[in-house]
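Q: dropping the sequence and predicted coords here.
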Amino acid sequence: MPEHRQGIILFFTTSAALRAERHLSGAGFKTKLVPTPRELSSDCGFALRFMVAAETSATAEEVEKLLTRSGIEFDAVHFPYPK
Amino acid sequence: MSAQVIYLDHAATSWPKPPDVTAAMSAFLEKAGGNPGRAGHRLSIAAARIIYDTREALAELLGVGDPLRLIFTKNATEAINIVLQGCLRPGDRVVTTGMEHNAVMRPLTALAQQGVEVVVVPGAKDGRLPVDRLEAAITPGTRLVVAAHANNVTGTILPLAEVVAAVRRAGAELLVDAAQTAGSVPLHVDEMGIDYLAFSGHKGLLGPPGTGGLAIGRSVRTDALPPLLRGGTGSRSESLTQPEYLPDKYESGTPNGVGLAGLGAAVRYILKRGLAAIQAHEEELRRLLYNGLSASEGVTVYGNASSAGTAVVSFTIKGLQVSEVGERLDDDYGILCRVGLHCAPAVHRTIGTFPDGTIRFAPGPFITVEEIKRALEAVREVAGSA
Ligand SMILES: Cc1ncc(COP(=O)(O)O)c(C=O)c1O
């Protein structure tokens, strides 16, 4: 079993990715900006990877809600990713 | 030639810059040289992060809740053109004032030739704008109102709250030209209900040349506002059409990362020193200039000291051309100011100084009371020799 589960969030604009990075790391997530996986999007920019401890029961919906509540628009949350 | 200079041309562009600005700019080139948002590698991300930090700092200073509603441009002129050329169609009515810079008047003149109805509300000779006349001109069906928050000749500040209320009643939108006030006068785009705020990064915000922007109010629907330029944004690369989301819609092409890095450092300086402290300091310099110049023999001062204004004071000296005064102040005293029409012939017509223009003293936040006293003494000497 891995210690962490990973997800990835895609955004319409890199400015939103940076905004989300700040919010999610403020909310205690481990985050990293990474090149957008080609299989998910044709964008040349970057996406936000986040990591949660394997034993927590975080869901994609919770991450989405966290972003929406802060007024941050996103394209999609893929979690867990890679599957 | 005097070796020391007293720079009184802050209204054209600020100088010197806060100490951290140069360091931030060279750090951007040395450590973050990637193309922001175009790739996922560390140098691209580092560049994007620096630009985003500037966006956040500015959003805080200008009262913009969502930093993505801040669009970076190369100057205030470009921001003004995005709105004027994007919003106005033949048959639309736009209301402006007799206190505008050519950044507003030239695009509006061109739009008038294409059939846009341009209504200019005259200003008063003392630099004030009769707000009741502006309110009367903002009739229902008016598409847009565009006005300088402060003009760049007399520095007189427009009572924005009253203008916003009149614009709302008519169902129009408001573009504020804050080139002269951003960084010097408190602004809050969200709370004041401003639709569009155009600003220079290189004047009161103390950033480098080649920076400026447009803040878009939270109630504005941008689908009706096409961009001035279309091109690469790093986002939605599969698509041949311009993205609709902010800020990318209005930020095509590689941005001025070096300049924006410097602007970020400048804005953080302002936030740290405090806008209220900067404004109080500039107000003191403005008072000294008004009083000192008004008391000098042969000097005529324009505008008025009783209404709110920025640290911009215009004057003429009896018997001397403004160009002659400018040259002597520079050569003999190291006092650097701008003389003439200041790209604002409309304002000079309003205050009665067209076509000769005025001598303009515009001190910034690093000018001291002592330097203003030396400048006043120099004006007395030059006037005394006339
Ligand atoms: C009132 C006003 N509007 C617009 C501008 C244009 O600003 P920028 O040079 O940043 O385009 C200026 C300054 O020149 C100004 O004073």
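A: Nice, thanks for sending it over. Here the structure is a predicted model, which is why all the values come from computation and not from measurement.
Q: hmm, residue B:276 and residue B:186 touching each other?
A: Yes. Counting by C-beta atoms under 8 Å, residue B:276 is a contact partner of residue B:186 at 7.5 Å. All C-beta atoms are positioned from the backbone trio N, CA, C, and that covers glycine.
Q: number of residues surrounding the residue of chain A found nearest chain B?
A: When scored by C-beta to the nearest C-beta, chain A has residue A:35 as its residue closest to chain B, at 2.6 Å. Number of residues near residue A:35 (other C-beta atoms under 10 Å in any protein chain shown) recorded here: 15.
Q: same question for residue B:280.
A: Residue B:280 is flanked by 10 other residues according to other C-beta under 10 Å.
Q: measure the closest residue to residue B:20 other than its chain neighbours to residue B:17 for me?
A: Distances taken as C-beta to C-beta, 6 or more residues apart in numbering or on different chains place residue B:265 nearest to residue B:20, at 4.1 Å, with adjacent residues excluded. Taking C-beta to C-beta, to the nearest Å as the measure, residue B:265 falls 8 Å from residue B:17.
Q: for residue B:305, same thing?
A: In this view, residue B:305 and residue B:17 are 29 Å apart by C-beta to C-beta.
Q: so those two - more neighbours on which side?
A: Taking neighbours as other C-beta under 10 Å, residue B:305 and residue B:17 compare with residue B:17 leading, 22 against 14.
Q: surely that one is in a helix?
A: No. Under DSSP: H, G, I helix; E, B strand; the rest coil, residue B:17 falls outside any helix and is assigned coil.
Q: what sits closest to it if chain neighbours are left out?
A: Nearest non-adjacent residue to residue B:17, counting by C-beta to C-beta, 6+ apart: residue B:206, 5.6 Å away.
Q: so what's residue A:44 scoring on pLDDT?
A: At residue A:44, the model reports a pLDDT of 63.
Q: whoops, residue A:39 was the one
A: Per-residue confidence (pLDDT) for residue A:39: 87.
Q: so what's the nearest residue to residue B:310 once chain neighbours are set aside up against?
A: Nearest residue to residue B:310, sequence neighbours excluded (C-beta to C-beta, 6+ apart): residue B:155, at 4.0 Å. Residues near residue B:155 by C-beta atoms under 8 Å, 6 or more residues apart in numbering or on different chains: B:11, B:127, B:180, B:286, B:303, B:309, B:310, B:311, B:312, B:313, B:362.
Q: one more time with 6 Å, if that's ok
A: Taking C-beta atoms under 6 Å, 6 or more residues apart in numbering or on different chains, we find residue B:155 in contact with B:309, B:310, B:312.
Q: I'd like the distance between it and residue B:126.
A: Distance from residue B:155 to residue B:126, by C-beta to C-beta: 12 Å.
Q: what's the answer for residue B:341, then?
A: Separation of residue B:341 from residue B:126 (C-beta to C-beta) stands at 19 Å.
Q: more neighbours: which of those two?
A: Between residue B:341 and residue B:126, counted using other C-beta under 10 Å, the more crowded position is residue B:341 (20 against 15).
Q: the more buried one against residue B:357, yeah?
A: Yes. Residue B:341 lies in contact with residue B:357 (C-beta atoms under 6 Å); the separation is 4.5 Å.
Q: which neighbours do the two share?
A: With contacts defined as C-beta under 6 Å, 6+ apart, the residues adjacent to both residue B:341 and residue B:357 are residue B:348.
Q: now the phi/psi pair for residue B:104, please.
A: phi -100, psi -40 (degrees, to the nearest 10).
Q: give me the neighbour count for it.
A: Burial of residue B:104 is recorded as 28 neighbouring residues (other C-beta under 10 Å).
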